[in-house]
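Asker: With the input below, show me the fold.
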Amino acid sequence: MAKDKKRLTTASGLPVDDDQNTLTAGPKGPALMQDVHVMEKLAHFNRERIPERVVHAKGAGAYGVFECTADMSKYTRAKFLAKAGKKTDVFARFSTVGGEKGSADTARDPRGFAVKFYTEEGNYDMTGNNTPVFFIRDPSKFPDFIHTQKRNPATNMPDPDMFWDFLSLTPESIHQVTILFSDRGTPDGYRHMNGYSSHTFKWYNAKGEVYWVQYHFKTEQGIRNLTRQQAGKLAGEDPDYATRDLREAIAKGDYPSWRVCVQIMPAKDAKTYRWNINDITKVWPHADYPLVEIGRMTLNRNPDNYFAEVEQAAFSPGNFVPGIAASADKMLQARVVSYHDAHLYRLGTNYQLLSVNAPKACSAHNYQRDGYMRCDDNGKGGPNYWPNSMGGPAPDPSVAEPPIELEGVAARHPQELTDDDFFQAGELYRRVMTNTDREHLVGNIVAHLGGTQKRIQLRQCAIFYKADADYGTQVAKGLGLNVSEVKKLAAMSQEERVKATAA
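Answerer: Numbering: from 1, shown residues only. Here you go, the predicted model:
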């Protein structure tokens, strides 16, 4: 057996006698098609690359464990949160969002922060970012937004006009833009950043009582960020900096960890809270709903094979367990569908059977059959339909989530732009950032926004001004704009501002 393990074979197990010389008709050829080993080798090589993720293409991952540190059964019936000390295996993947697979780890970009919990009730996925908010709050805008972060279709180069034109026409983005262009937009590797669910999720307990929650993963390594200059230098010298840092830390036993917390809102508070709790462009201040620690996540094992375990890892915000469910956040509702659809396209209809994606603490039983790359027993001879009287898996009504009241008229309801959309970004600039933070923020924006048309600069500066007068003034001065003109635009409605800055 030991010799068999070392013997080169074809994919079907046929021993290969020579891997250096193709079968030919005579010493000078031509090659013979009957050389099945070479044909298989070349055919597989042509198909080695699967489509890269449209977003989150460049990433790194690791295995670890989540340890529950507090009994949360008062709030959720999820078993992996029911007892302090209970441990659940996890796989985490970190990523940049907009760049291609070969892009630099230090690019100014949000960072994906996805965690797969292999629980006894099935896999639970938390698919978040290193920022607590996002640029948009309606899924219909998402493809357009991502297009502006990619390459210009004519020049095939990043285009600051596209980038800032969209953002200046979408003022709800101001909170995320302020975070992105601070030094938090260039974290010092994956170990020194927080993770957030951003979305609101529904927790429910065994009594059917409902709570709304948001997740926070707080790095125990301490927050560390790079300046624009440091990030640019590393992009040229070590574009895989964050990937290398994570892998080498784990390899030497310096296991990164995060304190896992939630903000918990009783269901009754949602209707009267000062902001829409399902608006992903806003946070819940900790003074209103303080962090409650629920556990600790530690990453302690590197993948053996990047493609099999990181590239093929598939996360979906629709992977819930009893006790956790979706909120009415429109962005979340769309992601629940679109993530699964993306995996079907990229990895194939049976992607959930791949080792990194399959449940580990329980078995999956359903009536899904056949399809490309079916790599289990395909249900053997059991029934492939329900209902049946042949002993097949049956639904369990006891795991149903409690009903929640819905009301309203079916229509395309725009979410009105109000001064509240600028308030939190202004608070971040005024009250949270230090003078150095503000100086770096303005410098980062000027360096990027400075490459756009003046009319776009004016429109975007007016939005900065609406968040905070000093914010808009400092960026305008950095760009050499007339501050009075920016102030005048800031006093307009968004419709008037767009008209005044049209091409």
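Asker: now V283, nearest residue through space, not along the chain?
Answerer: P132 (5.0 Å; C-beta to C-beta, 6 or more residues apart in numbering). From N, CA and C alone the C-beta is placed, and that goes for glycine too.
Asker: Correct me if wrong: that neighbour contacts T200.
Answerer: No. P132 lies out of contact with T200 (C-beta atoms under 8 Å); the separation is 11.3 Å.
Asker: any shared contact partners between these two?
Answerer: Shared contacts of P132 and T200 (C-beta atoms under 8 Å, 6 or more residues apart in numbering): Q214.
Asker: Contacts only, for V498.
Answerer: Counted by C-beta under 8 Å, 6+ apart, V498 has contacts 169, 459.
Asker: what's the spacing between it and F166?
Answerer: Using C-beta to C-beta, to the nearest Å, V498 is found at 12 Å from F166.
Asker: got it, and N225?
Answerer: Noted for N225: a distance of 25 Å to F166, by C-beta to C-beta.
Asker: again, but for D245
Answerer: For D245 relative to F166 (C-beta to C-beta), the value is 32 Å.
Asker: do K268 as well
Answerer: 38 Å.
Asker: Of the two, which one has the most company?
Answerer: Between K268 and F166, counted using other C-beta atoms under 10 Å, F166 has the larger neighbour count: 19 against 8.
Asker: Could I get the buried residue list for the strand or helix carrying the more buried one?
Answerer: Here F166 sits within helix 160-168, counting by DSSP states H and E. For helix 160-168, burial by neighbour count (16 or more other C-beta atoms under 10 Å) applies to 160, 162-168.
Asker: Of those, which is the nearest to W275?
Answerer: Ranked by distance to W275 (C-beta to C-beta), those are led by L167 at 21.0 Å.
Asker: Surely Y118 touches A364?
Answerer: No. Contact criterion C-beta under 8 Å: Y118 and A364 do not qualify, at 11.8 Å.
Asker: buried set for stretch 148-163?
Answerer: 148-150, 158-160, 162-163.
Asker: sec struct for Y429, please.
Answerer: Assigned by DSSP: H, G, I helix; E, B strand; the rest coil, the conformation of Y429 is helix.
Asker: how close does it sit to T106?
Answerer: Separation of Y429 from T106 (C-beta to C-beta) stands at 24 Å.
Asker: The two: which has the busier surroundings?
Answerer: Remark: of Y429 and T106, T106 carries more neighbours, 26 against 23, as counted by other C-beta under 10 Å.
Asker: Quickly find the element holding the residue lying closest to the more buried one once chain neighbours are set aside.
Answerer: With C-beta to C-beta, 6+ apart as the criterion, T106 has its nearest non-adjacent residue at 4.1 Å, and that residue is A231. Assigned by DSSP H and E, A231 falls within helix 228-237.
Asker: higher neighbour count, Y118 and A364?
Answerer: Between Y118 and A364, counted using other C-beta under 10 Å, the more crowded position is Y118 (21 against 13).
Asker: what pairs with the more buried one across the strands?
Answerer: Counting by DSSP bridges, Y118 forms beta bridges with N123.
Asker: so who does it touch?
Answerer: 88-91, 359-361.
Asker: let's see it at 10 Å
Answerer: 63, 65-66, 80, 88-91, 124, 356, 358-362 (C-beta atoms under 10 Å, 6 or more residues apart in numbering).
Asker: are any of these buried, and which?
Answerer: Neighbour counting with 16+ other C-beta under 10 Å marks 63, 65-66, 80, 88, 90-91, 124, 356, 359 as buried within the contacts of Y118.
Asker: Let's see which of those residues end up in helices.
Answerer: Judged by DSSP state H, the buried ones among the contacts of Y118 include no members of helices.
Asker: Which pair of those residues spans the longest distance?
Answerer: Between all members of those, the farthest pair (by C-beta to C-beta) comes out as F80 and V356, at 18.5 Å.
Asker: give me the beta-bridge partners of the residue nearest the centre of the chain?
Answerer: Geometric centre of the chain, nearest residue: G112, 3.7 Å, by C-alpha atoms, centre = their mean. Per DSSP bridges, the residues bridged to G112 are S95, N129.
Asker: Any idea which helix or strand in the protein has the lowest mean pLDDT?
Answerer: helix 2-6 (a mean of 60; mean pLDDT, DSSP states H and E).
Asker: Run the chain-centre distance for the helix or strand just after that one.
Answerer: The helix or strand immediately downstream of helix 2-6 is helix 36-46, counting by DSSP H and E. Relative to its chain's centre, helix 36-46 lies at 35 Å (C-alpha atoms, centre = their mean, to the nearest Å).
Asker: hang on, the earlier thing: for the residue nearest to T106, grab the count of nearby residues.
Answerer: 22.
Asker: so it makes contact with G185?
Answerer: Yes. Counting by C-beta atoms under 10 Å, G185 is a contact partner of A231 at 8.7 Å.
Asker: Now the common contact residues for these two.
Answerer: 107-108, 225, 444.
Asker: Out of those residues, list just those in helices.
Answerer: N444.
Asker: The shared contacts of A231 and G185 into a markdown table, with extra columns for neighbour count and pLDDT?
Answerer: Converted to a markdown table, the shared contacts of A231 and G185 look like this (neighbours: other C-beta atoms under 10 Å; pLDDT from 0 to 100):
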| residue | neighbour count | pLDDT |
| --- | --- | --- |
| A107 | 19 | 97 |
| R108 | 22 | 98 |
| N225 | 18 | 98 |
| N444 | 20 | 98 |
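Asker: Secondary structure class of the nearest residue to G208 once chain neighbours are set aside, three-state.
Answerer: Excluding the flanking residues, the one nearest G208 by C-beta to C-beta, 6+ apart is P402, at 3.7 Å. Three-state call for P402 (three-state DSSP): coil.
Asker: cool, P285 as well?
Answerer: Assigned with three-state DSSP, P285 falls in the coil class.
Asker: Show the model's pLDDT score for it.
Answerer: Per-residue pLDDT puts P285 at 97.
Asker: State the distance from it to N205.
Answerer: Counting by C-beta to C-beta, the separation of P285 from N205 is 25 Å.
Asker: Settle it for me: which of the two has more neighbours?
Answerer: Set P285 next to N205 and count neighbours by other C-beta under 10 Å: N205 wins out with 17 against 13.
Asker: ok, that one to A78 distance?
Answerer: Distance of N205 to A78, given as C-beta to C-beta: 9 Å.
Asker: joint contacts of the two?
Answerer: Common neighbours of N205 and A78 (C-beta under 10 Å, 6+ apart) are 72, 323.
Asker: Show the low-confidence segments of the chain, by residue range.
Answerer: 1-5 (pLDDT under 70).
Asker: for it, which helix is longest?
Answerer: helix 330-346.
Asker: Pull out the buried residues from that one.
Answerer: 330-333, 335-336, 338-340, 342-343, 346.
Asker: close enough to count as contact, D288 and M265?
Answerer: Yes. Contact criterion C-beta under 10 Å: D288 and M265 qualify, at 8.3 Å.
Asker: Between these two, which contacts overlap?
Answerer: Y273.
Asker: Settle it for me: which of these two has more neighbours?
Answerer: Between D288 and M265, M265 has the larger neighbour count (other C-beta under 10 Å), namely 20 against 13.
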